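Q: below are the sequence and a predicted model for it; my questions follow.
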Amino acid sequence: MISALDLLARLRPLHVCVGKTGHIVQAGAGLGRIGAGDVVGRRFLEVFEVVRPVRPLDMPALRSLAGEVLRLRLRTEPDIGLRALAIEDQDGGVILDLSFGIAVIEAVQRFGLTAQDFAAGDLAVELLFLQEAKSSAMAASFSLNSRLNGARLAAETDALTDELTGLHNRRALESALTRLRHSDTGYAVMHMDLDHFKEVNDTLGHAVGDTILKRVAAIMRSQTRQDDLLVRMGGDEFAIICPGLTDTLRLRDLSLGLIHQTSKPMIVDDQEARVGASLGIALKTPDSRVDPAALMERADVALYAAKRSGRGRYVFWSPDLGQSLSDLDLPHVSLRS
Amino acid sequence: MHGLIFRTVEAYVSDSFGPDMWARAIALADIEITSFEAMLQYDASYFPRVLDGCAKALERPQAMILEDIGTYLITHQNHASIRRLMRFGGHSFSELLHSLGDLPDRTRLAVSGLILPQIDVREAISQRFIITSFGSPSGFGHVLVGLLRAMADDYGTLAVLDHQGTRDGAETIEVAIVDTAFAKDRGFSLAAGAKVRTA
């Protein structure tokens, strides 16, 4: 029958036998590979530091841990955690059967361990295989995800952008209004409609009309702040949402700037085109409770009032104008017709 | 069927013959997809059509293409991880052959949903192996021949591999190991790309 010490040496590459004096009398071949050097003859507690469940300072204290699973580390490799089952050798000494646990991945990298450094039944190699295979699979997944995300962002941008002008579209406006519905900030809604656009479009052609719409978009960008949401609602109809801006003087200046710039004659393909702009403005102050959709309607009403009072103007909504276009006694008039 | 399988065929054709050749092959396959994603599932019925498209475009038999794919997987630098994962199977070529029975399970551990045929390995006479693969995707035996041929080279082992054909859905491969020290072993360390410190 094979002797117990030979049995250990054959089966457990990471074992340590500690004699009753506290010195190591036998160590598995794997230990030499992990930076411990030749440990036989050295005091166990000088080579290893037992961290848990308690820190034994001498051999009797170590012996009293027999039967427990210890957490320990080599003093030369303090960042690689080991664990060990300690048992009494019935001769005043202690036998420890060590393993790496999850630190095996780090240990293999650092010491260049091979399959032979582990017990045949040890799942360390399977763990390493799995770790490497998972990394490869995850890399493939990440690459797919980032490509899909790129496509999603592009599609989202497309879905929220007006193709002709590059401004936001109605869908972007809807989601902005939804966000505003759940926020306490004050904001202004400006509804802008071009004057005489239909005539220009009819007489000079759609290509000229399109160019004018693009130039109006550029004017809007130049006159507004970074945070303002610029929307082409369709046709020659635009909206500007100004978060945090409820100062009527500044809104007046903004409106005058927009009207002034759009009213300048535009030369398109050697032809002169003249449009203009009318604006309706509605405000939500931080303390008031108005639904964004209702505010859009008010801006609509104010725009109608601006158009009716002679174009090239801006009108702030006020209660006497009514809450919506349908309140007005003009059933057949619609701005969008 | 797992996208990795389709993706491998696509990568092989693109890397070896250029993207135009893949475009031609996939057009001949006549399916509504032009490129495959590794981490998506696809209709299994695409597989024979993709292979058929490749065979027509490359003007060579499907068996030869599948075998080349096996070799490509081990030898192409883009797939260095596969060679490493295969080397986890054993420290010698014959040990690797004995571990092939675990290959479908190991593969599934790595990528759930990637189902490979069941593989049975017998060493009837010393250094002579009979490997049987059973199940979908059919033609996997040819891939295995190319893959194992490249792995034998990797271990520095001279081996003769032969696909014996398909019977009752099972593909049979014969492997004869001639010389285990025919060339230098390319070597393998458990640690991937690690800076190994000598103890």
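A: Sure thing, it's come through.
Q: quick one: the helices in chain B?
A: B:3-17, B:19-29, B:46-58, B:62-75, B:80-87, B:93-99, B:103-110, B:140-155 (DSSP state H).
Q: and chain A, which residues reach chain B?
A: A:32-37, A:108-116, A:125, A:128-130, A:132-137, A:140-141, A:143-144 (Cβ under 8 Å from any Cβ of the partner chain). C-betas here are computed from N, CA, C, even on glycine.
Q: minimum distance to chain A: which of the helices of chain B has it?
A: helix B:103-110 (3.1 Å; Cβ to the nearest Cβ).
Q: show me where pLDDT drops low in chain B?
A: For chain B, the stretches with pLDDT under 70 are B:193-199.
Q: swap that for chain A, sorry
A: Looking along chain A with the criterion set at pLDDT under 70, you get A:327-337.
Q: outline the domain layout of it.
A: Using automatic domain parsing, the domain parsing of chain A gives A:4-122, A:170-327.
Q: adding distance to residue A:152 as columns, could you present the ones you listed in TSV?
A: Formatted as TSV, the domains of chain A follow (distance: least, Cβ to Cβ, whole Å):
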stretch	distance to residue A:152
domain A:4-122	34
domain A:170-327	15
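Q: got CSV for these, with mean neighbour count too?
A: Shown next, in CSV, are the domains of chain A (neighbours: other Cβ atoms under 10 Å in any protein chain shown):
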stretch, mean neighbour count
domain A:4-122, 17
domain A:170-327, 18
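Q: chain neighbours aside, what residue packs nearest to the residue positioned nearest the centre of chain B?
A: Centroid-nearest residue in chain B: residue B:70, 3.5 Å away (criterion: Cα atoms, centre = their mean). Take residue B:70 and drop its neighbours on the chain: the residue closest to it by Cβ to Cβ, 6 or more residues apart in numbering or on different chains is residue B:146, 2.7 Å away.
Q: what about the one you found, neighbour count?
A: Look at residue B:146: counted by other Cβ atoms under 10 Å in any protein chain shown, it has 24 neighbours.
Q: what's near enough to touch residue A:279?
A: A:190-193, A:255, A:258-259, A:302-303, A:306, A:313-315 (Cβ atoms under 8 Å, 6 or more residues apart in numbering or on different chains).
Q: which element is it on?
A: Using DSSP states H and E, residue A:279 sits within strand A:276-284.
Q: of the domains of chain A, which is nearest residue B:189?
A: Minimum separation from residue B:189 across those (Cβ to Cβ) falls at domain A:4-122, 5.7 Å.
Q: longest helix of chain A?
A: helix A:124-160.
Q: now do it against helix B:3-17, angle only.
A: If you take axes from the mean of the first three to the mean of the last three Cα atoms, to 10 degrees, helix A:124-160 sits at 80 degrees to helix B:3-17.
Q: in helix A:124-160, what's buried?
A: A:124-125, A:127-130, A:132-133, A:136-137, A:140, A:144, A:160 (16 or more other Cβ atoms under 10 Å in any protein chain shown).
Q: tell me the one of those nearest residue B:30?
A: residue A:144 (25.0 Å).
Q: hang on, the earlier thing: looking at the helices of chain B, which is buried most?
A: helix B:140-155 (a mean of 23; mean count of other Cβ atoms under 10 Å in any protein chain shown).
Q: chain center to that helix: distance?
A: 7 Å (Cα atoms, centre = their mean, to the nearest Å).
Q: also stretch A:227-240?
A: 28 Å.
Q: kindly report the same for stretch A:254-263.
A: 39 Å.
Q: measure the residue nearest the centre of chain A to residue A:143 for me?
A: By Cα atoms, centre = their mean, the mean C-alpha position of chain A lies nearest to residue A:149, the distance being 11.3 Å. Distance of residue A:149 to residue A:143, computed by Cβ to Cβ, to the nearest Å: 11 Å.
Q: enumerate every residue touching residue A:242.
A: Applying Cβ under 8 Å, 6+ apart to residue A:242 gives the contacts A:187, A:188, A:189, A:190, A:224, A:225, A:227, A:228, A:251, A:254.
Q: then residue A:292?
A: If you count contacts by Cβ under 8 Å, 6+ apart, residue A:292 has them with A:177, A:178, A:180, A:181, A:189, A:284.
Q: nearest residue to the first one other than its sequence neighbours?
A: Right, residue A:177. residue A:292 (3.9 Å).
Q: likewise the fifth one?
A: In space, residue A:189 comes closest to residue A:299 once its chain neighbours are excluded; the distance is 4.5 Å by Cβ to Cβ, 6+ apart.
Q: after the host helix or strand of the one you found, which helix or strand is next?
A: Here residue A:299, judged by DSSP H and E, is contained in helix A:292-308. Note on helix A:292-308: by DSSP H and E, the next helix or strand toward the C-terminus is strand A:314-316.
Q: quick one: that following strand to chain centroid distance?
A: That offset, for strand A:314-316, works out to 40 Å (Cα atoms, centre = their mean).
Q: from chain A, how far out is residue B:176?
A: 26 Å (Cβ to the nearest Cβ, to the nearest Å).
Q: and that residue, how far from residue B:157?
A: Going from residue B:176 to residue B:157 by Cβ to Cβ gives 11 Å.
Q: more neighbours, the two?
A: Taking other Cβ under 10 Å, residue B:176 and residue B:157 do not tie; residue B:157 has more neighbours (20 against 13).
Q: tell me which residues touch the closest residue to the more buried one other than its chain neighbours, please.
A: Distances taken as Cβ to Cβ, 6+ apart place residue B:93 nearest to residue B:157, at 4.0 Å, with adjacent residues excluded. Taking Cβ under 8 Å, 6+ apart, we find residue B:93 in contact with B:151, B:152, B:155, B:157, B:159, B:177, B:180.
Q: once you drop chain neighbours, what's closest to the fifth one?
A: Okay, so that is residue B:159. In space, residue B:159 is closest to residue B:152, 4.2 Å off (Cβ to Cβ, 6+ apart).
Q: check contacts around that neighbour.
A: Here residue B:152 is in contact with B:93, B:158, B:159, B:161, B:177 (Cβ under 8 Å, 6+ apart).
Q: recalculate using a threshold of 10 Å.
A: Residues counted as contacts of residue B:152 (Cβ atoms under 10 Å, 6 or more residues apart in numbering or on different chains) are B:74, B:93-94, B:96-97, B:158-161, B:175, B:177-178, B:180, B:182-183.
Q: go on, residue A:217?
A: Residue A:217 neighbours (Cβ under 10 Å, 6+ apart): A:162, A:164, A:165, A:166, A:167, A:230, A:232, A:238.
Q: measure the fifth one to residue A:240 for me?
A: Taking Cβ to Cβ as the measure, residue A:167 and residue A:240 are separated by 10 Å.
Q: tell me, what's touching those two both at once?
A: With Cβ under 10 Å, 6+ apart as the test, residue A:167 and residue A:240 both reach A:220, A:229, A:230, A:231.
Q: related to what we said a few turns ago, between the contacts of residue B:152, which is closest to residue B:124?
A: Nearest member of the contacts of residue B:152 to residue B:124, counting by Cβ to Cβ, is residue B:175, at 11.0 Å.
Q: not counting sequence-adjacent ones, nearest residue to the closest one?
A: residue B:129 (4.2 Å).
Q: out of the contacts of residue A:242, which are inside helices?
A: A:251, A:254.
Q: output the contacting helices and strands for the top strand by length along chain A.
A: The strand that spans the most residues within chain A, counting by DSSP state E, is strand A:77-88. Counting contacts by 3 or more Cβ pairs under 10 Å, 6 or more residues apart in numbering or on different chains; DSSP states H and E, strand A:77-88 packs against strand A:15-18, strand A:48-52, helix A:59-63, strand A:69-74, strand A:94-99, helix A:104-111.
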